[in-house]
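Q: when you get a sec, could you give me coordinates for this:
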Amino acid sequence: MSVAFGGLASGLDTNSIISQLVNIERGGVRRIEARRADAQASLTAFSELGDKLTELRELMKTMQEGNEFGKLSTSSSDESILVASATGDAAQGSYGIEVEQLAKNSKSMSESFTDKDVAGLFGEGTLTISVGGVDVDITVDGDTTLSSLKDAINASGSEVVASVVNDGGGFRLFVAGKSTGTDNAVTFAESGTLSTNLGDPGNVLSVAQNAQIKLDGALTITSQDNILEDVIEGVTLDLGKAEIGSEVTVEIERDSESQVEAFQAFADAYNDVVKFVNKKALPSEVGTRSPLYGDPTLRAVRSQLRGLLQTQVPNGSQFESLAQVGFETKSDGTIKLDTDDLKEALATDFKGVLSIFTTDGTGLGDKFENTLDQFLDLDGLLDGRKDGLNRRMKDLNRQIDTQNSRVAKFEARLQKQFLAMEQAIQSLNTQSSYLGNQLGIY
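A: Numbering: from 1, shown residues only. From the prediction side, this is the model:
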C-alpha cells in the first residue's frame, strides 16, 4: 500500500521541514555565489575601466600629433576658385592668390572606326605609349579589335586609362593620362601599318599642363596638380578653377575656441577615468564595500596618472607644465581647467604650450601613451587582472556545481528518510487501529 507523502501519517508538514533544512544546507552555495557575483562585478568594472583608458589613450595620440591644438580658422573669399585649409605649422596672416591656370592631364582620341569588335580595321604593328619618359610597347596584330586594344592598354601598366566611345558615327579609342602636369605628359608612336592616329595633333583633346598661381601679385608658382601644399607653410590650396585677374583673399587665424575645447576634452577624459576609479575604490554604500575597495590595480592607475600631471617638459618655453597653463589638481584627483589662464598662455607662446604635449619622448603625449599602453596592451596590467578574475569565476562555478550536487543528494536523502518515517508511523497507526478493534470485540 502506497503512502501519500507530505505528513499525512505523522501530521507534520514534512515538505516545509525538508525545504527549510535544504535551505540551511544551501548556505554554503549562496556564499560562493556571492563571491562569484563580486568577481563578475570586478570583471565588469575592469572592462569599463579599460574602455575609459582606451578613450584617453586615443585622445592623447591626437594631442601628441598636435592637430587639435593647432587648429586654424581659414577662409577663402571665393571657394569656387580655391579652398584653403591649414595645420598648426601655418602662421596667421592674409594672402592674395590669383589662379592663372589649372593643372590638366593629357587626353587623346583615335580615328573613328565602323566597329569596335572587328579585327584588322587599323593595321598591325607596335603602339608605344610614353608617359613622363617611360615607354610601354603594345603589340597589335591581325586579331586585334578596338575593344581588345583598349583592354591591352589598360593591362599594360602604363599610367593611362583607355576607353571606347561611340561618337554617333563610329567608335573611337580614348586614352587619358592618370595624372596631371607636364611631368606626366602622354605621347604616342606607331610602327608597321598601325594607324590609330592617337598621336595626331588634331586628335589631341587636352595637353598636359601645370597649375599656376600668383601669390600676392608678385610670385608665380607652378604645381603638377591642383592641390598645392606648403606653398605657404602649413597651408593646403585646393584649386577649383582658373580666373585671370581675380585675386582670392585667404585669411588664416588661430581658432582659439577649438584649442580650448581640445584641452577641455583632455581634462574631461582624464576626469572620467579618475572618477570611475574613485567610485570603485571606495565603499559603495554606508556599511558596505565595493568588490574593488582598496584594489592595488586601481591604486596603480590612479597613482601613475596623477604622477604624469606633475611632468615638467623641458621645451625652452616659459610654459613647461600643465599647472602653468591653467590646470589645477583637486583633492579627489580630478583636474580643473581655467580657460582664461589657458587662453592667455596660448596668446603668449602658442607653440610652447603645444609642446607640453607634443615634445618627443618627454612630452605628455608620449608619456601618457606609454603608461596607458602598460595598462591596456596584451598581457598588460588590466589583462592580467581580468585573466585572474576569469580563472576565479571558473573555479567558483566548479565549486557551485559541486555544492549543488551535494545539496541535491542531501535533499534526496531527507525525502527518503521522511518517507520511511511516514511509512513507519502509518504502519503503527494501522496496528493500533487493529488492536483497538480487536479489544472492542471482547
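Q: so what's residue 341 up against?
A: 325, 326 (CB atoms under 8 Å, 6 or more residues apart in numbering). For every residue, glycine as well, the C-beta is placed using N, CA and C.
Q: swap the cut-off to 6 Å and go again
A: By CB atoms under 6 Å, 6 or more residues apart in numbering, the contact set of residue 341 is residue 326.
Q: list the buried residues in the helix or strand hosting it.
A: Per DSSP states H and E: residue 341 is located in helix 339-348. Neighbour counts using 16 or more other CB atoms under 10 Å place 342, 343, 345, 346 of helix 339-348 among the buried residues.
Q: got it, and stretch 266-277?
A: 266, 267, 268, 269, 270, 271, 272, 273, 274, 276, 277.
Q: check those against residue 319 and report the nearest one.
A: Using CB to CB, residue 266 is the member of these that sits closest to residue 319, with 15.4 Å.
Q: any idea how far the helix or strand encompassing the closest one is from the chain center?
A: Secondary structure from DSSP H and E places residue 266 in helix 256-281. In terms of CA atoms, centre = their mean, to the nearest Å, the centre of helix 256-281 is set 19 Å apart from its chain centre.
Q: residue numbering should commence at 11 henceforth.
A: Renumbered: residue one is now 11, and that last one reads helix 266-291.
Q: next up, the contacts around residue 419.
A: Contacts of residue 419 by CB under 6 Å, 6+ apart: none found.
Q: what's the angle from the helix holding residue 276 to helix 349-358?
A: Angle, helix 266-291 to helix 349-358, by axes from the mean of the first three to the mean of the last three CA atoms, to 10 degrees: 130 degrees.
Q: quick one, what contacts residue 375?
A: With CB under 6 Å, 6+ apart, residue 375 has these contacts: 70, 73, 74, 367, 368.
Q: and residue 335, how far from residue 325?
A: Distance, residue 335 to residue 325, by CB to CB, to the nearest Å: 12 Å.
Q: burial measure for the closest residue to residue 247 other than its chain neighbours, as a count.
A: Spatially, and ignoring its direct neighbours in sequence, residue 247 is nearest to residue 238 (4.4 Å; CB to CB, 6 or more residues apart in numbering). The tally of other residues near residue 238 (other CB atoms under 10 Å) stands at 22.
Q: so which strand or helix has the nearest residue to residue 316 once chain neighbours are set aside?
A: Nearest residue to residue 316 in three dimensions, chain neighbours excluded: residue 343, at 5.7 Å (CB to CB, 6+ apart). Here residue 343 sits in a region with no helix or strand, counting by DSSP H and E.
Q: residue 343 is in contact with residue 284, isn't it?
A: Yes: assessed by CB atoms under 6 Å, residue 343 is found in contact with residue 284 at 4.6 Å.
Q: residues in contact with stretch 275-290?
A: 55, 62, 65-66, 69, 300, 302, 308, 311-312, 343-345, 347.
Q: what is the particular helix or strand that has residue 104 in it packed up against?
A: In this assignment (DSSP H and E), residue 104 forms part of strand 103-111. When contacts are defined as 3 or more CB pairs under 6 Å, 6 or more residues apart in numbering; DSSP states H and E, strand 103-111 sits against strand 221-225, strand 257-264.
Q: what does the shortest one contact?
A: When contacts are taken as CB under 6 Å, 6+ apart, the neighbours of strand 221-225 outside the stretch itself are 107-113, 230-233, 236, 249.
Q: any weak-confidence spans in the stretch 261-410 of the chain?
A: The model of the stretch 261-410 of the chain has pLDDT under 70 over residues 292-299.
Q: can you point out the buried residues in stretch 207-222?
A: Applying 16+ other CB under 10 Å to stretch 207-222 flags 207, 208, 209, 213, 214, 218, 219, 220, 221, 222 as buried.
Q: SS state for residue 22?
A: In three-state terms, and counting by DSSP: H, G, I helix; E, B strand; the rest coil, residue 22 is coil.
Q: what ranges do the helices span in the stretch 11-160 of the chain?
A: 24-35, 37-75, 156-165 (DSSP state H, counting those that start in this stretch).
Q: for residue 445, find the nearest of those.
A: So among the helices of the stretch 11-160 of the chain, helix 24-35 is nearest, using CB to CB, at 26.2 Å.
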